[in-house]
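**Student:** Curious how this folds, go ahead:
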Amino acid sequence: MEIAKKSVVLIKPYSSVKKPDIPKCRPMSVILRILMTASMIISAGVLVALIGCILINGIPALIKYSPSVFSWEYTSENVSMTPAIINTLIITAISLIIAVPVGISAAIYLTEYAKKGSRLVKLIRIAAETLSGIPSIVYGLFGYLFFVLTLGMGYSMISGAVTLAIMILPLIIRTTEEALLSVPDSYREGSFGLGAGRLRTIFHVVLPSAVPGITAGVILAAGRIVGESAALIFTAGTFAAVPDSLTDSARTLSVHMYALLSEGLYTEQAFASAVFLLLVVIGINALSKYAAKKLTDR
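**Tutor:** Residues are numbered from 1 along each chain as shown. Next up is the predicted model:
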């Protein structure tokens, strides 16, 4: 009889089950949702309007003045942007070569070696945040007074590249630091538990996990360099040609656009340069994301 007994589980019918109370939609929540949706629409609308204005005015001009606008040498007849494109790539590469190792090393020290909560760390973070908010024209004046005049470099590509490296350094430090802090401490503890040292843990465990965040900071820094004009006018100059050396003056693509618009004679060519500048920024972002994906997979 005991074996034949079976336990019976009584299940209440669905109609008798008490339904959870669904909170009513409050007016403040509706207002906040409307405001957030409106902010998203405005942000996307501004971006679409900017890109649309550049493409509508720039693509016809680019077709109209091709291929003269891509001539190797700049003249008042062809208003070529090729020297400016080459100068932009060179200055961007030099600035990143200078700023990225220094910024990543500083972020590693702040997160892995410095004592947490120390006054030095707080001071460095406040200084980095303050430097990030300084207008680029101030960096240009500093580069002009220090590199151009005091050190005697003159208007040159190296003066502009070093000035831009100083300008993007706080951005790289802060983004890299946040990327390193986002790596769980369990990764470090597991590496230490397996006998790895601090240096090996940083380069083989922490940094590979933080590559996406670091790459995002480098992308933002590269985008700021490509679109910078105020700091370069005072340091690199506006000479429209491919320089023979890094000590010669040169203009980047953004400075080239500014010069054409300020003259008021080559507005269509300026819009054509804006289209190509947009393509350069998109290309840099795509290449950086591809490199970050490869490094993450490895």
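**Student:** switch to C-alpha atoms for all contacts and neighbour counts from now on
**Tutor:** Noted.
**Student:** so residue 49 is in which element?
**Tutor:** helix 27-65 (DSSP states H and E).
**Student:** Do me a favour and average the pLDDT over the next helix or strand after that helix.
**Tutor:** Once the chain leaves helix 27-65, the next helix or strand it forms, by DSSP H and E, is helix 82-108. Helix 82-108 shows a mean pLDDT of 91.
**Student:** In terms of secondary structure, what does the helix holding residue 49 contact?
**Tutor:** Applying 3 or more CA pairs under 8 Å, 6 or more residues apart in numbering; DSSP states H and E, one finds that helix 27-65 contacts helix 267-297.
**Student:** tell me the centre residue of the chain?
**Tutor:** By CA atoms, centre = their mean, the mean C-alpha position of the chain lies nearest to residue 220, the distance being 0.3 Å.
**Student:** end-to-end on stretch 105-119?
**Tutor:** Stretch 105-119 has an end-to-end distance of 19 Å (CA to CA, to the nearest Å).
**Student:** which residues sit against that stretch?
**Tutor:** Applying CA atoms under 8 Å, 6 or more residues apart in numbering, the external contacts of stretch 105-119 come out as 121, 173, 174, 176, 177, 180, 181.
**Student:** What about those, which one has the most neighbours?
**Tutor:** residue 176 (30 neighbours; other CA atoms under 10 Å).
**Student:** close enough to count as contact, it and residue 221?
**Tutor:** No. The pair residue 176 / residue 221 is not scored as a contact, 11.7 Å apart, by CA atoms under 8 Å.
**Student:** separation between residue 217 and residue 150?
**Tutor:** Residue 217 is 31 Å from residue 150, by CA to CA.
**Student:** typo on my end, it should be residue 233
**Tutor:** From residue 233 to residue 150 the distance is 17 Å (CA to CA).
**Student:** more crowded one of the two?
**Tutor:** residue 233 (23 against 11).
**Student:** In JSON lines: the contacts of stretch 105-119, plus secondary structure, pLDDT and distance to residue 261.
**Tutor:** Rendered in JSON lines, the data for the contacts of stretch 105-119 read as follows (DSSP: H, G, I helix; E, B strand; the rest coil; pLDDT from 0 to 100; distance: CA to CA, whole Å):
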{"residue": "121", "secondary structure": "helix", "pLDDT": "81", "distance to residue 261": "44"}
{"residue": "173", "secondary structure": "helix", "pLDDT": "90", "distance to residue 261": "35"}
{"residue": "174", "secondary structure": "helix", "pLDDT": "88", "distance to residue 261": "35"}
{"residue": "176", "secondary structure": "helix", "pLDDT": "90", "distance to residue 261": "37"}
{"residue": "177", "secondary structure": "helix", "pLDDT": "88", "distance to residue 261": "39"}
{"residue": "180", "secondary structure": "helix", "pLDDT": "88", "distance to residue 261": "43"}
{"residue": "181", "secondary structure": "helix", "pLDDT": "86", "distance to residue 261": "44"}
